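In: Need a 3D model of the sequence below.
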Amino acid sequence: MENKEKDKKQLVLRLSSSLWKELVAWAEDDFRSLNGQIEYLLTECVKRRKKIKDIDKTGDVDKT
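Out: As a prediction, this is how the structure comes out:
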């Protein structure tokens, strides 16, 4: 079985202290670590972007 942790990339991310505090509070509300919350939010944004691109290509909304 493939180890997902080995597939993950690391990066340095600089955030304003106000954004940091908001993300920490949001992560706590969702029972996630800050890292987990940022990864979740980025994943959701990528999914939405792909969906919008598909709609633009087909002119139809995929309702799945």
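In: In space, not sequence, find me the middle residue of the protein.
Out: By Cα atoms, centre = their mean, the chain has its centre lying nearest to Leu42, at 2.0 Å.
In: Work out for me the element it sits within.
Out: helix 34-58 (DSSP states H and E).
In: Report the buried residues of that helix.
Out: Neighbour-count burial for helix 34-58 flags Gln37, Ile38 (criterion: 16 or more other Cβ atoms under 10 Å). Any C-beta I mention is one placed from the backbone N, CA and C, and that applies to glycine too.
In: can you start the count at 50 instead of 1 from here on
Out: Sure thing, new numbering starts at 50, so read that last one as helix 83-107.
In: pLDDT on it, on average?
Out: The average of the pLDDT scores along helix 83-107 is 92.
In: what packs against that helix?
Out: helix 66-78 (3 or more Cβ pairs under 8 Å, 6 or more residues apart in numbering; DSSP states H and E).
In: and the helix it packs on, how far from the chain's centre?
Out: Mean-position distance between helix 66-78 and its chain equals 14 Å (Cα atoms, centre = their mean, to the nearest Å).
In: any idea of the angle it forms with helix 83-107?
Out: 90 degrees (axes from the mean of the first three to the mean of the last three Cα atoms, to 10 degrees).
In: buried ones in helix 66-78?
Out: Leu72, Ala76.
In: Contacts for it, please.
Out: Leu64, Ser82, Leu83, Gly85, Gln86, Ile87 (Cβ atoms under 8 Å, 6 or more residues apart in numbering).
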